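In: Next comes the sequence, and after it the predicted model I'd like to discuss.
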Amino acid sequence: MDTRLRLAVLCGTALAAAGGAAWAWARLRRRTALPVARPAAALGAGDQGKGHSKQILVLGLDGAGKTSVLHCLATNHVKRSLAPTEGFNAVCVSTGESQMEFLEIGGSECLRSYWKMYLPKVLLLIYVVDSADHARLPVAKQLLHQMIQNNSTLPVVVLANKQDLEGAYCITDIHDALALSDIGDKRKMFLIGTHVAEDGSEISSSMKDAKELIAQLVLEAQ
């Protein structure tokens, strides 16, 4: 992955209806277009990282769809979650001799104080926002900026979730609402439009792209 990459935006236009190919644009220093969701190599490839857990923190406001997204990433199938996570939810995804540990912390106000405690221990932050919850985007923005202001290099993947809902902001609007351009130049920052389909179905193409990107970032962090 190009080290000059500052922000990649995966555009999911009509993903829910068509399930078609998504396109990626990367903002480089010269604003050169670049596809970012490359097929990820096997997580156990080579000797590096064998037998080691790579923890990934999954955060976002309550109701953003974190648990449903995490289930998709772990199983490649859809299971919508109706109840918010009250506490912690840990899921391991194994590939060969390596594994990724996803740790979700609930997004209710009483649990947000725990978020920052776990940041120094993780390779990657996945931040899930509800694209249709316009009223709480300012809160989501504030919390994200507060969390990472003292960690200038932690990679961040923002999932603009629920793109299939009527009234959902497109990813460019989510980018502006979260002020992602203000987060800094040193870190790898990605914004991907996602949605969770019907129960029991295979995951959407946007979720597959997100999973491949996460796997690639974990490899690069080893």
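Out: The structure has been received and is ready for your questions. Numbers count the residues shown, from 1 in each chain.
In: can I assume Lys66 is in contact with Gly107?
Out: Yes - Lys66 lies in contact with Gly107 (CB atoms under 8 Å); the separation is 6.8 Å. C-beta: built from backbone N, CA, C; applies to glycine.
In: which one of the two has more residues nearby?
Out: For Lys66 and Gly107, the more surrounded residue by other CB atoms under 10 Å is Lys66, and the numbers stand at 29 against 22.
In: max-length helix in the protein?
Out: Ranked by residue count and defined by DSSP state H, the top helix of the chain is helix 205-221.
In: same question for that helix, mean pLDDT?
Out: For helix 205-221, mean pLDDT is 86.
In: cool, and stretch 163-178?
Out: The model assigns stretch 163-178 a mean pLDDT of 95.
In: end to end, how far does it reach?
Out: Chord length of stretch 163-178, first to last residue, is 16 Å (CA to CA, to the nearest Å).
In: So which elements touch the longest helix of the chain?
Out: Helices and strands touching helix 205-221, by 3 or more CB pairs under 8 Å, 6 or more residues apart in numbering; DSSP states H and E, are strand 7-11, strand 53-59, helix 66-75, strand 98-105, strand 124-130, strand 156-161, strand 189-193.
In: so how many other residues sit close to Asp176?
Out: 13.
In: Revised request: answer the last question for Gly167.
Out: Residues near Gly167, counting by other CB under 10 Å, number 9.
In: check contacts around the closest residue to it other than its chain neighbours.
Out: Once flanking residues are discounted, Gly167 sits nearest to Ala132: 5.3 Å by CB to CB, 6 or more residues apart in numbering. With contacts defined as CB atoms under 8 Å, 6 or more residues apart in numbering, Ala132 is in contact with Lys162, Leu165, Glu166, Gly167, Ala168, Tyr169.
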